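Asker: I would like the atomic coordinates for the input below:
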Amino acid sequence: MANWFDSLERDLQSPLAVRRLGSGWFSGFFALLLSTTGLCLVMALRWPDWFATPELAALHAWGGLRPLVHALLIGGYALALLSLLLRTRKAIGATALIVALLATLLGGAEVQPRETHDWGVFFGVDFFAVNMVATGLMFAPIERLFPHRAQQRLFRQEWREDLFYYLISSMMVQLITFLALAPSSFINANTAGLAGVRAMIAGQPWPLQFLEVVLLTDFVQYWFHRAFHRVPFLWGFHAVHHSARSMDWLAGARMHFFEIIALRGVTSLPLLTFGFSPSVMQAYIGFVYIYSSLLHANLRGDFNRLGRIVATPRFHHWHHAIEEVAVDKNFAIHFPFLDRLFGTHHLPDGAWPTGYGVPEQVPQGYRAQFLYPFRRKRDAAL
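Answerer: Below you'll find the model as predicted:
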């Protein structure tokens, strides 16, 4: 099995000269994308208690979902066979074909829900599929058309780890949300005196609430982010995010599980406490999800004037820079004025970092990185 995955990774990372049109690489890649998306949706339809996200109930009720699943699997089959015919290396096409066959064996587009024991826990494979397709189709082509680093490939080094981070954060969305928002129930129950404030905020126009949410969360995230750089124990968690040596839209997914929980809890707690509309909060989550991918994207463009008002990819790339002059700079997510106000701004005109990462040796692989914050001091003492 390990040899199979190694072959698949080598095939996906083939040099550009081997990926030309007619080589079977593009048909294999899109076959894998369509088949995997189809499999995720089939699993969510077959075992909704375990694999479907409640917030996507409207998607499951949509009459066009099953024809879409059928089209995804047929497209996956056809492109996989085309890749197998054209390509000398068969790993991508064969993997896509196996995934499509598995989805078909589970019931395909006609799959029916199966009774399951409801453990009260679900794994949002449908949420992962929708996020991956929507975000990937948005940023991957843009990065190919307007890259900052033209030599950087789509399947660059460590892409497999970052994709796994993406998968975990999507599938564990319920558990992460529960752990992050658990304190809000206690706080709301013991702050009845804020009922008038909550009613006033909830009565504001929707656009004004959204703007307030963006400003408030960025202020809170600034200090949260700064603490994770300045406190040695917290840095052990955040170093995992900074260990990425390449920047693209997928690199933003590399974040330690505990940091995700802390970040979501810290940013959502004020919103829930002060009574912002749930629809505003949901819209902000979708907005920041796409905006975070944009900040990490491999996109050229200095945007010197725009960068004085809002965060741009170059602004955030300097936050990940390996240069000493950029250490502990550019903590804001949306508004650089926070960094200028508190003395942590760094954005030299027209300049980009020469590299990314951290001086310390953060291990590779999800399991090793999960344990890294707890082993870091012990390993340093040896």
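Asker: Show me where the stretch 151-300 of the chain has its strands.
Answerer: Using DSSP state E, counting those that start in this stretch, no strands are found in the stretch 151-300 of the chain.
Asker: residue ranges with poor pLDDT in it?
Answerer: The stretch 151-300 of the chain contains residues with pLDDT under 70 at 155, 170-185.
Asker: so where do the helices sit in it?
Answerer: 159-171, 173-189, 195-202, 206-230, 232-242, 257-274, 278-296 (DSSP state H, counting those that start in this stretch).
Asker: May I see those helices arranged in CSV, with mean neighbour count as well?
Answerer: The way it works is simple: take the backbone N, C-alpha and C, and place the C-beta from them, glycine included. What follows is these, written out as CSV (neighbours: other Cβ atoms under 10 Å):
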stretch, mean neighbour count
helix 159-171, 19
helix 173-189, 15
helix 195-202, 13
helix 206-230, 17
helix 232-242, 19
helix 257-274, 18
helix 278-296, 17
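Asker: Turn those into a markdown table, including distance to residue 353.
Answerer: Formatted as a markdown table, those follow (distance: least, Cβ to Cβ, whole Å):
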| stretch | distance to residue 353 |
| --- | --- |
| helix 159-171 | 19 |
| helix 173-189 | 30 |
| helix 195-202 | 40 |
| helix 206-230 | 16 |
| helix 232-242 | 12 |
| helix 257-274 | 22 |
| helix 278-296 | 13 |
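Asker: Residue 350 is nearest to which of those?
Answerer: The closest approach between residue 350 and any of these, judged by Cβ to Cβ, belongs to helix 278-296 at 18.4 Å.
Asker: The helices of the stretch 151-300 of the chain: which one's closest to residue 369?
Answerer: helix 232-242 (4.8 Å).
Asker: Give me the contact list for the closest one.
Answerer: Applying Cβ atoms under 8 Å, 6 or more residues apart in numbering, the contact partners of helix 232-242 are 227-229, 254-256, 258-259, 320, 356-358, 360, 362, 369, 372-374, 376-377.
Asker: how far out from the middle of the chain is it?
Answerer: Distance, stretch centre to chain centre, for helix 232-242: 18 Å (Cα atoms, centre = their mean, to the nearest Å).
Asker: Stretch 40-60 too?
Answerer: A distance of 20 Å separates the centroid of the chain from that of stretch 40-60, by Cα atoms, centre = their mean.
Asker: buried stuff in that stretch?
Answerer: Within stretch 40-60, the residues that count as buried by 16 or more other Cβ atoms under 10 Å are 40-48, 50-53, 56, 59-60.
Asker: Between those, which sits nearest residue 268?
Answerer: When these are compared against residue 268 (criterion: Cβ to Cβ), the nearest one is residue 53, at 17.4 Å.
Asker: Show me how the record splits the protein into domains.
Answerer: 2-122, 173-381 (automatic domain parsing).
Asker: Of those, which is nearest residue 163?
Answerer: Here domain 173-381 is closest among the domains of the chain (Cβ to Cβ), at 6.5 Å.
Asker: hang on, the earlier thing: okay if I get the domains of the chain as a markdown table plus distance to residue 134?
Answerer: As requested, these are arranged in a markdown table below (distance: least, Cβ to Cβ, whole Å):
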| stretch | distance to residue 134 |
| --- | --- |
| domain 2-122 | 11 |
| domain 173-381 | 9 |
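Asker: wait, which of those is closest to residue 132?
Answerer: The nearest among the domains of the chain, by Cβ to Cβ, is domain 2-122 at 7.5 Å.
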